[in-house]
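**Student:** Here's my sequence, what's the structure:
(chains A and B)
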Number of protein chains: 2
Amino acid sequence: MTRLEVGADSLFGIANLPYGVYSVPGQTPRVATRYGDHVVDLAVLLSNPVFAEPSLNPFMAQGHARWVEARERLRDAVAVDVPDEAVHALDDVTLHLPFEVADYVDFYASEHHAANLGRLFRPDNPDPLLPNWKHLPVGYHGRSASIVVSGTDIVRPSGQRKGPSGPVFGPAARLDIEAEIGFVVGTGNPMGTPIPAADAAEHIFGVVLFNDWSARDIQAWEYVPLGPNLGKSFASTVSPWVVPLLALDTARVAVPDQRPAVLPYLHLPEPWGLDLTLEVTWNGAVVSRPPYAAMYWSPAQMLAHLTVNGAPTRTGDLFASGTVSGPAGDEVGSFIELTWGGEFPVTVAGEERTFLEDGDEVVLRATAPGADGARIGFGECRGRILPARA
Amino acid sequence: MTRLEVGADSLFGIANLPYGVYSVPGQTPRVATRYGDHVVDLAVLLSNPVFAEPSLNPFMAQGHARWVEARERLRDAVAVDVPDEAVHALDDVTLHLPFEVADYVDFYASEHHAANLGRLFRPDNPDPLLPNWKHLPVGYHGRSASIVVSGTDIVRPSGQRKGPSGPVFGPAARLDIEAEIGFVVGTGNPMGTPIPAADAAEHIFGVVLFNDWSARDIQAWEYVPLGPNLGKSFASTVSPWVVPLLALDTARVAVPDQRPAVLPYLHLPEPWGLDLTLEVTWNGAVVSRPPYAAMYWSPAQMLAHLTVNGAPTRTGDLFASGTVSGPAGDEVGSFIELTWGGEFPVTVAGEERTFLEDGDEVVLRATAPGADGARIGFGECRGRILPARA
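**Tutor:** Next comes the predicted model:
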C-alpha cells in the first residue's frame, strides 16, 4: 500500500479527479483517474469491474446518482493508502480516447467568434451576426470517427479549394485550429422526449478540451448551402481526461446577458456559464488565452436545443462549444481571427506565421476554479501537423 | 425440411436475397434473408454464428470476399430443401434496424432537386445551382441516433421558426419527406487513407431506401451558416432490407454526362449510376416516381469525396443520396418540389395537401433490374405522422 503524494498546487488534486482510459504494455486499456502525476486504476482502487472496460461508456451509462456516489468513494479512496498495483506514473502509461463517441455536434456559441467571422466573410453586412444567432445556439453534426486523443499527429488534409478558374485539388493551405470545450453526454434521452435545460446537469457527465482542426480553404469552397464537411471531418482532437461536471460547481458563473430574450425552452434556471481560462500554445509560445466565461450560449442551452425537436442523445454523445473567443485580440480561439484572415502574420517562437505549417504543434490547456480554493486542470489537447500524403 | 415456394415475379426471388434483422416473440433479433414472403434465418440456414447477432455489422466487417462467398452459399441453400426451423412467414416476424449506424452523411446528388430548391429559395439568382455544385458532391453529417426502421411512427417535431417579429416556437408547419437511396459501408478506411472511386464496390455492402423527414420551416430559420440541424435530426427512416450491391450489377448504368469535367479523384472507371425507380405513396396514392438513374453524383464518387481528406469510415456508416428527383413534375422526391413551396396544393386520396398533416402516411418503394430478367425489390420505407407532443 502507498500513500500518494500530491502537491497542494497540483491541477489534479482532490478537487479534480478526472476520468480517463490508460494502458501499460501488455494490458488492455482500463479506466483510471489522475491524482497529481499518478494514474490510478479505478477497477483496482474501487474494486468495480465497470472500470476494467476500455472506455468510460459503461460507467457513464449507469447514470447521475452513480457518478455522484463513485466520486465520493474515489475522493475517500485516494486520500488514504492505495494498493500499489493500482498506481502508475503518468509517464509510464499510454492514454487513450476516453469514451466511444456516439453522435458529435459542434456549436458556434461565442458571440465574439461569430462576429469576427461575420466581419471577415461578410464585410458588407451591417450586422456581423446572422438573424438567427441570438435566438438559438447554431450547430451542426460532425464526424465521430475522426475524433482522436491528444498526441495523435494530424496529417494535413487534401481537398478541393477555389482556384482562379475553377477548383483545384491539393493540400490545404489555410490549416487552422479551433480551441473549444467539449461536453460528454453520460446518459441521453429517448426519441421524442427533450431534455429541459433545467435537467442538463443530470445528463452531462463531463468536460474535455477540444481542437476542431479546420481547413479554411476547403471549408470556404464546400460549405454552401449545407455547412462544413471535409474542411472539418479529417480530424478533431480531445484531451485524455474527462473532468466531471461535478468538479466544476465552483466554476459556474452567469452567462452574459442574453438579449433579445430567449424562448422559454432556453431559459436557464441556474448559472451555466463556466469560468474556464483556455491557453493556446503554438510551437511552445502562448498566443492566446480565450475566456470561456465570455461564451454567449451555455452547454445546458445547447443540450436543450439539440433535443427540443425530439432528437435522441446517447451515452458517449459529444457536443462542443465552437471556437472560444473573448473580446480581445489575444483571447481568440482560432488563427483566422488571430491573423485576421491571414492578413496580419504573427511571430511565433521567432518565426512568422499566418496558418499552420508542417511540423507545427498546437497545445490547448485550461484551468478552472475548483473546491476549497484549488485550481483544476484539464491536461493537454496536443497535435502536430504532418505533411499531406502524396 | 421444406422447399420454399417463390413466384417467378417475386421482387424477392433468387436475384435479390437481401439481408435484414428479424425477431419472433421470445427470441433475440438475428440476421435473415427474405425469399419471396419467407423470412429465412441465416444462422440456421448457413450454420454460421455471425448471423445470430442482432445486427449486420459483424458480418459486414468480414469484408468483400466473405460477402461474395456468403451470397453464393445462400443462393444454393435457399434453392433446395431448407430446415423448417429456419423459416418464418413475413407476417409473423418483427423487422428491426438492420445495422448499427456509425457515422451518417447525407448528400445532395440530384441536379434536378438542387436546381428546384435553388429556384425556390434563390429566385433572383440566374443560376439555380451554387458554384461548387458540379465540382463536388455536396453533403453534410446528420444524426445517427435518429435513424429508425420502417414502420416507426414519426412524431411531428417542434422547434423555432421565423415569425412576423422574431422567432416563434411550436410544431413544424411545413413537414416534408425526402425520398432517397442510402448506401451502407461494410468495411471502412483507416484515417489518412482515402478510398479511391475505383475501390468503392469493395467497401459498399448494400443499398436501402431512406426517408429524410424534413421540417422545412425549422430548417429555413436555422440553417445559415452551418447547414441543416434540427430540421432534419428528429427522425430518418430506413427500409428493413439491405439489398447487396452484388445484387445490383444488372442495374448499373452510366451517370449523366458530368460537365465541367470532374477532378481526377472523382473519375469513374466503370458505370456507377443505378437504374432504380422509386415510388412515393402518400396516404395510399402514388404521387411520384423518382428515377434514380437521373442522379448526377454516384455513390462511388460520394465515398471517394468523403474520404479524400483522409477522414475514416467504419462498418455501419450510412451515406444517403439526398432527395431523388427527376426532370418531370411527377418525378420529384420531396413535397416542397411537388407543391412548389406549398404554393400549388395536390389532391391526395381525395384531400388537398401541401405538406404533411397529422395521421398522414408515406411509403417509399423501389425496384431495379436484377439478374436473369428478374426485378428486385427493396421492401417498404414507411412512416406515419403523429401529432406533436404537448
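**Student:** got the domain boundaries for chain A?
**Tutor:** The record's domain parsing of chain A by automatic domain parsing lists A:19-96, A:104-386.
**Student:** Minimum distance to chain B: which of these has it?
**Tutor:** Comparison of these against chain B by C-beta to the nearest C-beta identifies domain A:104-386 as nearest, at 2.3 Å. Any C-beta I mention is one placed from the backbone N, CA and C, and that applies to glycine too.
**Student:** what's the span of the closest one, first residue to last?
**Tutor:** 25 Å (C-alpha to C-alpha, to the nearest Å).
**Student:** quick one on the thing from earlier: quick check: which of the domains of chain A is buried the most?
**Tutor:** domain A:104-386 (a mean of 21; mean count of other C-beta atoms under 10 Å in any protein chain shown).
**Student:** Give me the mean pLDDT for it.
**Tutor:** For domain A:104-386, mean pLDDT is 97.
**Student:** any chance you could map the strands in the stretch 1-150 of chain A?
**Tutor:** A:19-23, A:30-35, A:38-41, A:87-89, A:94-96, A:104-107, A:139-142, A:147-149 (DSSP state E, counting those that start in this stretch).
**Student:** now for the first one, which elements pack on it?
**Tutor:** If you count contacts as 3 or more C-beta pairs under 8 Å, 6 or more residues apart in numbering or on different chains; DSSP states H and E, strand A:19-23 packs onto strand A:30-35, strand A:38-41, strand A:94-96.
**Student:** how about the domains of chain A in TSV, adding distance to residue B:122?
**Tutor:** Written out in TSV, the entries for the domains of chain A read as follows (distance: least, C-beta to C-beta, whole Å):
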stretch	distance to residue B:122
domain A:19-96	44
domain A:104-386	9
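**Student:** Going along the chain, name the strands of the stretch 151-300 of chain A.
**Tutor:** Using DSSP E, counting those that start in this stretch, strands in the stretch 151-300 of chain A cover A:154-155, A:158-163, A:166-171, A:175-176, A:179-185, A:204-211, A:214-215, A:236-238, A:243-244, A:252-253, A:273-274, A:277-282, A:285-288.
**Student:** between the fifth one and strand A:204-211, how many degrees?
**Tutor:** Angle between the axes of strand A:179-185 and strand A:204-211 is 150 degrees (criterion: axes from the mean of the first three to the mean of the last three C-alpha atoms, to 10 degrees).
**Student:** mind checking how far strand A:179-185 is from the chain centre?
**Tutor:** 3 Å (C-alpha atoms, centre = their mean, to the nearest Å).
**Student:** do the last one as well
**Tutor:** Averaging C-alpha coordinates over strand A:285-288 and over its chain gives two centres that are 18 Å apart (C-alpha atoms, centre = their mean).
**Student:** Residues contacting it, please?
**Tutor:** A:179, A:278-281, A:330-333, A:338, A:346, A:348-349 (C-beta atoms under 8 Å, 6 or more residues apart in numbering or on different chains).
**Student:** try 7 Å this time
**Tutor:** A:279, A:280, A:330, A:331, A:332, A:333, A:338, A:346, A:348, A:349 (C-beta atoms under 7 Å, 6 or more residues apart in numbering or on different chains).
**Student:** doesn't residue A:340 make contact with the fifth one?
**Tutor:** Read it as residue A:332. No. Counting by C-beta atoms under 7 Å, residue A:332 does not reach residue A:340; the two are 9.7 Å apart.
**Student:** how long is stretch A:358-372 end to end?
**Tutor:** 43 Å.
**Student:** In contact with residue A:155: list those residues for me.
**Tutor:** Taking C-beta under 7 Å, 6+ apart, one finds A:386, A:388, A:389, B:192, B:310 in contact with residue A:155.
**Student:** Which of those fall within helices?
**Tutor:** Taking DSSP state H, every one of these sits outside helices.
**Student:** Could you pick out the longest helix of chain A?
**Tutor:** As assigned by DSSP H, the longest helix anywhere in chain A is helix A:64-79.
**Student:** What parts of the stretch 251-390 of chain A come near chain B?
**Tutor:** Within the stretch 251-390 of chain A, the positions near chain B by C-beta under 7 Å from any C-beta of the partner chain are A:260, A:263, A:265, A:308, A:309, A:310, A:311, A:312, A:313, A:314, A:389.
**Student:** which non-adjacent residue is nearest the first one?
**Tutor:** Taking C-beta to C-beta, 6 or more residues apart in numbering or on different chains as the measure, residue A:260 lies nearest to residue A:134, with 6.2 Å between them; neighbours along the chain are not counted.
**Student:** Ok, the fifth one next?
**Tutor:** Setting aside the residues directly before and after it, residue A:309 is nearest to residue B:157 in space (C-beta to C-beta, 6+ apart), at 3.8 Å.
**Student:** correct me, but that neighbour touches residue B:172?
**Tutor:** Yes. The criterion here is C-beta under 7 Å, and residue B:157 meets it with residue B:172 at 5.3 Å.
**Student:** anything in contact with each of the two?
**Tutor:** By the contact definition C-beta under 7 Å, 6+ apart, residue B:157 and residue B:172 are jointly contacted by B:215, B:218.
**Student:** that older thread, so which residues make contact with the longest helix of chain A?
**Tutor:** Contacts of helix A:64-79 (C-beta under 7 Å, 6+ apart): A:4, A:14, A:17, A:33, A:35, A:40, A:45-46, A:186-187, A:202, A:205, A:244, A:246.
**Student:** Against the centre of chain A, work out the most remote residue.
**Tutor:** The C-alpha centroid of chain A is most remote from residue A:165, which lies 38.2 Å away (C-alpha atoms, centre = their mean).
**Student:** For that one, what are phi and psi?
**Tutor:** Torsion angles at residue A:165 (phi, psi; degrees, to the nearest 10) stand at phi -140, psi 80.
**Student:** rewinding a little: with distance to residue B:301 as extra columns, can I get the contacts of helix A:64-79 in TSV?
**Tutor:** Formatted as TSV, the contacts of helix A:64-79 follow (distance: C-beta to C-beta, whole Å):
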residue	distance to residue B:301
A:4	56
A:14	55
A:17	49
A:33	47
A:35	51
A:40	50
A:45	52
A:46	51
A:186	39
A:187	39
A:202	44
A:205	39
A:244	45
A:246	48
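**Student:** rewinding a little: what's the closest of the strands of the stretch 1-150 of chain A to residue B:121?
**Tutor:** Comparison of the strands of the stretch 1-150 of chain A against residue B:121 by C-beta to C-beta identifies strand A:139-142 as nearest, at 18.5 Å.
**Student:** Quick one: distance of that closest one to the chain centre.
**Tutor:** How far strand A:139-142 lies from its chain's middle: 14 Å, per C-alpha atoms, centre = their mean.
**Student:** Next to chain B, which bits of the stretch 101-250 of chain A? Give me the list.
**Tutor:** Residues of the stretch 101-250 of chain A lying near chain B (C-beta under 7 Å from any C-beta): A:102-103, A:108, A:130, A:132, A:135-136, A:138-146, A:155, A:157-160, A:166-167, A:169, A:191-192, A:218, A:221-222, A:224-230, A:233-234.
**Student:** residues contacting the nearest residue to residue A:200 once chain neighbours are set aside?
**Tutor:** With sequence-adjacent residues excluded and distances taken as C-beta to C-beta, 6+ apart, residue A:200 is closest to residue A:300, at 3.6 Å. Residues near residue A:300 by C-beta under 7 Å, 6+ apart: A:197, A:200, A:268, A:272.
**Student:** ok, those vs residue A:252, which is closest?
**Tutor:** Nearest member of those to residue A:252, counting by C-beta to C-beta, is residue A:272, at 6.9 Å.
**Student:** need the next SSE after the helix or strand hosting residue A:305, C-terminal direction.
**Tutor:** Per DSSP states H and E, residue A:305 falls inside helix A:299-307. Counting by DSSP H and E, the next helix or strand C-terminal to helix A:299-307 is strand A:318-320.
**Student:** Which strands or helices does that next one pack on?
**Tutor:** Applying 3 or more C-beta pairs under 7 Å, 6 or more residues apart in numbering or on different chains; DSSP states H and E, one finds that strand A:318-320 makes contact with strand A:104-107, strand A:179-185, helix A:299-307.
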